[in-house]
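*Asks:* Predicted structure and sequence below. I'll ask about it afterward.
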Amino acid sequence: MQKENNTSTPSTPARMRHRRRSTEVIPEASKSNGGHLLVDDRNKYRSMLIRAYSTLWMIGGFAFIVYMGHLYITAMVVVIQIFMARELFNLLRRSHEDRHLPGFRLLNWHFFFTAMLFVYGRLLSQRLVNTVTSDKFLYQLVSSLIKYHMVACYFLYIAGFMWFILTLKKKMYKYQFGQYAWTHMILIVVFTQSSFTVANIFEGIFWFLLPASLIVINDIFAYIFGFFFGRTPLIKLSPKKTWEGFIGASVTTIISAFVLANILGRYQWLTCPRKDLSTGWLHCDPGPLFKPEHFTLPGWVPLWFPQKEISVLPVQWHAVWLGLFASIIAPFGGFFASGFKRAFKIKDFGDSIPGHGGITDRMDCQMVMAVFAYIYHQSFIVPQSISVEMILDQILTNLSLEEQHALLMKLGQILQERL
């Protein structure tokens, strides 16, 4: 007995020492990060080719959709939302529990499409009215649908809520309520950013395309600079991110923002806001932000330089701020996603895009950027004072044809009395 105690006693500290060593290895590995950096990855050229190939396909498809116009871009956002929701729903899914809950997955999608109906109904209702104004029957039908839109969405949600309560099963309450909370968090994350994205699209494709492009540029050049020069780890959450990639991408993104704004700002198709849901070409007064200002170059510029003056759009100075945000702050959306994936012990949210992971892996920074672009546009671009154009826009958007006619008659009477 004594011998057994003697033999068992040293085994315990040995086991404790072994555990202590195992916990200390992780910081040591992350500290060096040598095996995780792209510059030291033996398969980096193969992964780069796969990533570059899928990136070219995405950029080509994205350019085609932008060319097609506002409505097609909005449809693309909807498709992206559906893929994001599917990837996020699957994170906490347990097949064993789901087998005992028939129809439980369908309930998640019921909440998803109810939220979609509510958000897009609020965003696009008046634009839909403007589209059907010329047809009296359609105008009255759409106006009635919009009037009862909120109550319809509310009762759809209540139906889902009752469905959830009726499907509760003993010994599965924790899993079901966890899924219920997870579903609502997904709806908040997905539809908050998408509502801002769609609002940016209809304010002018420029305000959607420029921020989205800056995120893509920052991501590409962070990968390129990290691929060839990355030596210093940036953050433990993302072992492959380096300071060299972060700084190189930041400089490139800010310069690209200034240049890209000059190119995109010269096309009315991109700068004009869309007031309805039609797909025709747009023509409008671009406003002072998109009218070039000419600057004469100073005398110290070399004589061999071909131009004596340069033209700059005022919107380019705003684009610099967007570039700063896209390069310095928006990447923290990616860091958040990296920490999120580590919490769930997964490498990517999905495998929809070869070399990139899932759709959610590409949208992490875009979500942060879309919200900032909308807030910046509303705070610093949209005129705060009331103008004739703003009043006319409110009249055409919110009043029916009969109300507009009554307003015209009343305004005519007031003007005649004053004259």
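*Replies:* Alright, I've got the coordinates.

*Asks:* how about the helix or strand where Ala373 lies: buried residues?
*Replies:* Ala373 is part of helix 359-376, with elements assigned from DSSP states H and E. Buried residues in helix 359-376, counted by 16 or more other Cβ atoms under 10 Å: 359-374, 376. Quick note: C-beta positions are derived from backbone N, CA and C, even for glycine.

*Asks:* Please determine how far Val312 is located from Ala326.
*Replies:* From Val312 across to Ala326, the span is 20 Å (Cβ to Cβ, to the nearest Å).

*Asks:* just the strands in the stretch 301-419 of the chain please.
*Replies:* Along the stretch 301-419 of the chain, the stretches classed as strands by DSSP state E, counting those that start in this stretch are 309-312.

*Asks:* meant to ask about the chain, not that
*Replies:* Counting by DSSP state E, the chain has strands at residues 233-235, 238-242, 293-296, 309-312.

*Asks:* what's the pLDDT at the residue nearest the centre of the chain?
*Replies:* Note on the chain: the residue nearest the mean C-alpha position is Met367, at 3.0 Å, using Cα atoms, centre = their mean. With respect to pLDDT, Met367 has a value of 90.

*Asks:* residues in contact with it?
*Replies:* Residues near Met367 by Cβ atoms under 8 Å, 6 or more residues apart in numbering: 189, 192-193, 333.

*Asks:* Recalculate using a threshold of 7 Å.
*Replies:* For Met367, the contacting residues are 193, 333, by Cβ atoms under 7 Å, 6 or more residues apart in numbering.

*Asks:* Also the one 3 residues further on?
*Replies:* Residues near Ala370 by Cβ under 7 Å, 6+ apart: 193, 196-197, 200, 211.

*Asks:* tally of neighbours for the closest residue to it other than its chain neighbours?
*Replies:* Closest residue to Ala370 apart from its sequence neighbours, by Cβ to Cβ, 6 or more residues apart in numbering: Thr197 at 4.4 Å. Neighbour count of Thr197, defined by other Cβ atoms under 10 Å: 26.

*Asks:* before we move on, what about Thr167?
*Replies:* 14.

*Asks:* That one reaches Pro102, doesn't it?
*Replies:* No: with contact defined as Cβ atoms under 7 Å, Thr167 does not reach Pro102; the gap is 8.8 Å.

*Asks:* who has more neighbours, Val312 and Ala326?
*Replies:* Ala326 (33 against 14).

*Asks:* re earlier: tell me which of the contacts of Ala370 is nearest to His110?
*Replies:* Each of the contacts of Ala370 was scored against His110 by Cβ to Cβ, and Gln193 proved nearest at 21.5 Å.

*Asks:* so who does that closest one touch?
*Replies:* 367, 370-371.

*Asks:* what does Thr296 give?
*Replies:* 308-309.

*Asks:* how much space between it and Val320?
*Replies:* 21 Å.

*Asks:* now do Leu91
*Replies:* Applying Cβ to Cβ to Leu91 and Val320 gives a distance of 37 Å.

*Asks:* is it true that Leu289 touches Val315?
*Replies:* Yes: with contact defined as Cβ under 7 Å, Leu289 reaches Val315; the gap is 4.4 Å.

*Asks:* Settle it for me: which of these two has more neighbours?
*Replies:* Ranked by neighbour count (other Cβ under 10 Å), Leu289 and Val315 place Val315 first, with 23 against 16.

*Asks:* Would you mind measuring from that one to Ala52?
*Replies:* 31 Å.

*Asks:* do the same with Gln126
*Replies:* Going from Gln126 to Ala52 by Cβ to Cβ gives 42 Å.

*Asks:* tell me which of the contacts of Gln193 is nearest to Phe206?
*Replies:* Nearest member of the contacts of Gln193 to Phe206, counting by Cβ to Cβ, is Ala370, at 13.8 Å.

*Asks:* Just the pLDDT at that closest one, thanks.
*Replies:* pLDDT recorded at Ala370 is 94.

*Asks:* With Ile263 instead?
*Replies:* 95.

*Asks:* What number of residues are in the vicinity of it?
*Replies:* Per other Cβ under 10 Å, the neighbour tally for Ile263 reads 11.

*Asks:* where along the stretch 301-419 of the chain do the helices fall?
*Replies:* Along the stretch 301-419 of the chain, the stretches classed as helices by DSSP state H, counting those that start in this stretch are 315-324, 331-343, 359-376, 388-398, 401-418.

*Asks:* I'd like those laid out as a markdown table, including distance to Ala159.
*Replies:* Formatted as a markdown table, those follow (distance: least, Cβ to Cβ, whole Å):
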| stretch | distance to Ala159 |
| --- | --- |
| helix 315-324 | 42 |
| helix 331-343 | 31 |
| helix 359-376 | 28 |
| helix 388-398 | 30 |
| helix 401-418 | 34 |
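
*Asks:* so which of those helices is the most packed in?
*Replies:* helix 359-376 (a mean of 22; mean count of other Cβ atoms under 10 Å).

*Asks:* Sketch out the low-pLDDT regions of the stretch 251-400 of the chain for me.
*Replies:* Residue ranges of the stretch 251-400 of the chain with pLDDT under 70: 384-385, 397.

*Asks:* if we go to 50?
*Replies:* Of all residues in the stretch 251-400 of the chain, none has pLDDT under 50.

*Asks:* Does the residue nearest to Ala370 touch Val77 like I think?
*Replies:* Yes: look at Thr197 against Val77 with Cβ under 7 Å: they come within range, at 5.6 Å.

*Asks:* If we ignore the residues flanking it in sequence, what's nearest Phe206?
*Replies:* Using Cβ to Cβ, 6+ apart and skipping residues adjacent in sequence, the residue nearest Phe206 is Leu270, 4.5 Å away.

*Asks:* List the contacts of the one you found.
*Replies:* Taking Cβ under 7 Å, 6+ apart, we find Leu270 in contact with 204-206, 209, 264.

*Asks:* and which of the residues you listed is nearest Arg418?
*Replies:* Arg418 lies nearest to Gly204 out of the contacts of Leu270, by Cβ to Cβ, at 37.1 Å.
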